[in-house]
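Engineer: model the following, please.
(4 chains)
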4 protein chains.
Amino acid sequence: MKVLIVYYSREGTTKKMAELIADGISKAGVKVKVSAVSEVNPEELSEYHGIIVGSPTYYGTMSSEVKKLIDESVRLHGDLDGKVGGAFSSSANLAGGNETTIISILEAMLIHGMIIQGDWQGDHYGPVALGKVDREVEKKCRRFAERFVSLLRRVEKG
Amino acid sequence: MKVLIVYYSREGTTKKMAELIADGISKAGVKVKVSAVSEVNPEELSEYHGIIVGSPTYYGTMSSEVKKLIDESVRLHGDLDGKVGGAFSSSANLAGGNETTIISILEAMLIHGMIIQGDWQGDHYGPVALGKVDREVEKKCRRFAERFVSLLRRVEKG
Amino acid sequence: MKVLIVYYSREGTTKKMAELIADGISKAGVKVKVSAVSEVNPEELSEYHGIIVGSPTYYGTMSSEVKKLIDESVRLHGDLDGKVGGAFSSSANLAGGNETTIISILEAMLIHGMIIQGDWQGDHYGPVALGKVDREVEKKCRRFAERFVSLLRRVEKG
Amino acid sequence: MKVLIVYYSREGTTKKMAELIADGISKAGVKVKVSAVSEVNPEELSEYHGIIVGSPTYYGTMSSEVKKLIDESVRLHGDLDGKVGGAFSSSANLAGGNETTIISILEAMLIHGMIIQGDWQGDHYGPVALGKVDREVEKKCRRFAERFVSLLRRVEKG
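Structural biologist: You can find the predicted model right below:
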């Protein structure tokens, strides 16, 4: 079982979140690779059982760099069906578009036929950092990683 | 394994879709109950492994009757975590809010911690009928039912 | 020129926001009425030049009480065309669905043919309170009121 | 008064819609420029009173090419405040993400502080073509153009 975390990060906040989530997944016993979006080939996506995408909040949707990968993934449309997905975002401020950014990634995953899960606690659609990665954000990233692995295990065993 | 399909229907289109989906789930060998939203007690929701919600497209989100059940389900917040969810809608016309209506239901399910899946073919977020239930809509409802059962089986075995 | 602010509030936070926004609109020289959603008749909506709707964040969309008024407003569908709209929300926590709640109200307004505006500063889709109304929220509500009146004046003069 | 229509088009459907909308705006007596997104410099956006953005439906949000322009427009953040915006999309199929694509563009416009309007008839969030531009789509594009000009006139006179 392998998980890919793809992120785009200019300031480093989204990258730090990616690394925290990767650490959580790894500690839960699952192989994980963290890649900047510029290093990911769309074909690569089909090799993983779970895919997590992180983007800064730019005008209410994922950044164009992340969207480019998603658009190019049309070449393997159908191959991601049934894989497990998740999303996270970093944002300059509250109510600045972080929820709609995460939803924009989750919608793309649904269109690929992927399986996603929300969280009844904390950040419901996926973890969000406001400006910086503090203790609270670290906790949210770790919780997200654990839940992601649980879902992946259920889906893969099933 | 038991699935509940909750719907609200004034004209009967959403109800017909509910029945078609129920038939598909039943034929796939899973127990299913179809209920008008007025007959459903929020506490009941926790008895099911899968919950499917259907609403007509009213001003771009689920109807108030459906939302009322969702709002009242706060009494069992946490109990629906890890259950499988899905949504469908009937709409008067194309681009009239059917996608955003389905997304509004799926967002509520994510906030409950539920597991959802899109479809890489046809109606990506969930089946949509425009005005009437014809052959095409029937096919979409049956496909949705089959995929729902597949996901439920994977999640429940896992 | 008259503005109606409709809100639903259980804890009082959304109500307090409604009153702050009303005060801002009134101070800008425009007549404003604040009503709990239970007191508003859908037909009444067509008497106003601007309509602002506030809802707590319940499962990622407006509360069922607010949605009921929106659903019933179908009786005057077409009459709200060209009116000015806006939305605000109070939420228990960050990334808990406040943005999607506001968007759900704005989508309903667009379907009515209404005119809306975002803000390039602060809460882009509409003001959000997290749990309580502090100084920061008050400032956001006042800014929102001023911008709403500006838009209303431009639209009504034109 | 000048309007810019920016589009991205691979198959030509979105381009045809752009041209129909431009024709409608021009016939209503307002100056309009139609540009492929690759030819538009973000700084240029601030020269126009109205901006309309068209994108094919790619995975539920605007195409990465369109998003790139939006992301780069951060350099003039604040300058588009109070301008009039609108969006349209072409999609392979019904319920395939066309509504969420248009909403993704409108959300970006709201974050810029722009003014948008829906339509109580037809495609509520903005015109959508399914696969091809037929008579029906032409009518929708012309109606959209007329309403856009009306709004622009109201806002600019005010």
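Engineer: what segments of chain A are strands?
Structural biologist: Secondary structure of chain A (DSSP state E): strands located at A:2-7, A:31-36, A:50-56, A:84-91, A:115-117, A:128-130.
Engineer: angle of the fourth one against strand A:50-56?
Structural biologist: This means strand A:84-91. Relative orientation of strand A:84-91 versus strand A:50-56 (axes from the mean of the first three to the mean of the last three CA atoms, to 10 degrees): 10 degrees.
Engineer: list the helices and strands the longest helix belonging to chain A packs on?
Structural biologist: Ranked by number of residues, the top helix in chain A under DSSP state H is helix A:135-157. Using 3 or more CB pairs under 8 Å, 6 or more residues apart in numbering or on different chains; DSSP states H and E as the contact test, the elements touching helix A:135-157 are helix A:13-27, strand A:50-56, strand A:84-91, strand A:115-117, strand A:128-130, helix B:135-157. In this view, the C-beta of every residue, glycine as well, is placed from N, C-alpha and C.
Engineer: so which of the ones you listed is nearest C:Glu136?
Structural biologist: strand A:128-130 (13.3 Å; CB to CB).
Engineer: is chain C within reach of that closest one?
Structural biologist: Yes. With CB under 8 Å from any CB of the partner chain as the criterion, chain C is reached by strand A:128-130 at A:Val128, A:Leu130.
Engineer: that strand: how far from the chain's middle?
Structural biologist: How far strand A:128-130 lies from its chain's middle: 13 Å, per CA atoms, centre = their mean, to the nearest Å.
Engineer: then stretch A:131-149?
Structural biologist: That offset, for stretch A:131-149, works out to 12 Å (CA atoms, centre = their mean).
Engineer: same list (the helices and strands packed on helix A:135-157) but as TSV, adding distance to C:Lys68.
Structural biologist: TSV is the format used below for these (distance: least, CB to CB, whole Å):
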stretch	distance to C:Lys68
helix A:13-27	39
strand A:50-56	36
strand A:84-91	32
strand A:115-117	30
strand A:128-130	31
helix B:135-157	28
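Engineer: which outside residues touch the longest helix of chain A?
Structural biologist: A:1, A:3, A:17, A:20-25, A:27-30, A:49-50, A:52, A:82, A:84, A:86, A:88, A:115, A:117, A:119, A:121-123, A:126-129, A:133, B:82, B:115, B:154-155, B:157-158 (CB atoms under 8 Å, 6 or more residues apart in numbering or on different chains).
Engineer: make it 6 Å
Structural biologist: For helix A:135-157, the surrounding residues in contact (CB atoms under 6 Å, 6 or more residues apart in numbering or on different chains) are A:1, A:17, A:20-21, A:24-25, A:28, A:30, A:50, A:84, A:86, A:117, A:122-123, A:127, A:129, B:154-155, B:158.
Engineer: send the alpha carbons of it over as PDB?
Structural biologist: Below are the C-alpha coordinates for helix A:135-157, written out as PDB (Å, rounded to 0.1, in the frame of the first residue of the first chain):
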ATOM      1  CA  ARG A 135       0.700  23.000  17.400                       C
ATOM      2  CA  GLU A 136      -3.000  23.100  16.500                       C
ATOM      3  CA  VAL A 137      -2.300  22.600  12.800                       C
ATOM      4  CA  GLU A 138       0.200  19.800  13.600                       C
ATOM      5  CA  LYS A 139      -2.500  18.000  15.600                       C
ATOM      6  CA  LYS A 140      -5.000  18.400  12.700                       C
ATOM      7  CA  CYS A 141      -2.500  17.100  10.200                       C
ATOM      8  CA  ARG A 142      -1.700  14.000  12.300                       C
ATOM      9  CA  ARG A 143      -5.400  13.300  12.900                       C
ATOM     10  CA  PHE A 144      -6.000  13.600   9.200                       C
ATOM     11  CA  ALA A 145      -3.200  11.200   8.400                       C
ATOM     12  CA  GLU A 146      -4.500   8.600  10.900                       C
ATOM     13  CA  ARG A 147      -8.000   8.700   9.500                       C
ATOM     14  CA  PHE A 148      -6.700   8.500   6.000                       C
ATOM     15  CA  VAL A 149      -4.800   5.400   6.800                       C
ATOM     16  CA  SER A 150      -7.800   3.800   8.500                       C
ATOM     17  CA  LEU A 151     -10.000   4.500   5.400                       C
ATOM     18  CA  LEU A 152      -7.300   3.200   3.100                       C
ATOM     19  CA  ARG A 153      -7.000   0.000   5.100                       C
ATOM     20  CA  ARG A 154     -10.800  -0.600   5.100                       C
ATOM     21  CA  VAL A 155     -11.000   0.000   1.400                       C
ATOM     22  CA  GLU A 156      -8.000  -2.100   0.500                       C
ATOM     23  CA  LYS A 157      -8.900  -5.100   2.700                       C
END
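Engineer: at the contact with chain D, which residues of chain A appear?
Structural biologist: Proximity of chain A to chain D (CB under 6 Å from any CB of the partner chain) is limited to residues A:58-61, A:64, A:67-68, A:70-71, A:97, A:100, A:104, A:107-108, A:111.
Engineer: one more time with 10 Å, if that's ok
Structural biologist: A:56-74, A:77, A:96-97, A:100-101, A:103-112 (CB under 10 Å from any CB of the partner chain).
Engineer: which of those fall in helices?
Structural biologist: Among those, DSSP H puts A:64-72, A:100-101, A:103-111 in helices.
Engineer: among these, which ones are buried?
Structural biologist: Neighbour counting by 16 or more other CB atoms under 10 Å in any protein chain shown classes A:64-72, A:100-101, A:103-111 among those as buried.
Engineer: hmm, back to that, what angle sits between the longest helix of chain A and strand A:31-36?
Structural biologist: Going by the same axes, to 10 degrees, helix A:135-157 makes 130 degrees with strand A:31-36.
Engineer: up against chain C, what does chain A have?
Structural biologist: So chain A meets chain C at A:57, A:59-60, A:88-89, A:91, A:93-103, A:118-119, A:121-130, A:136, A:140 (CB under 10 Å from any CB).
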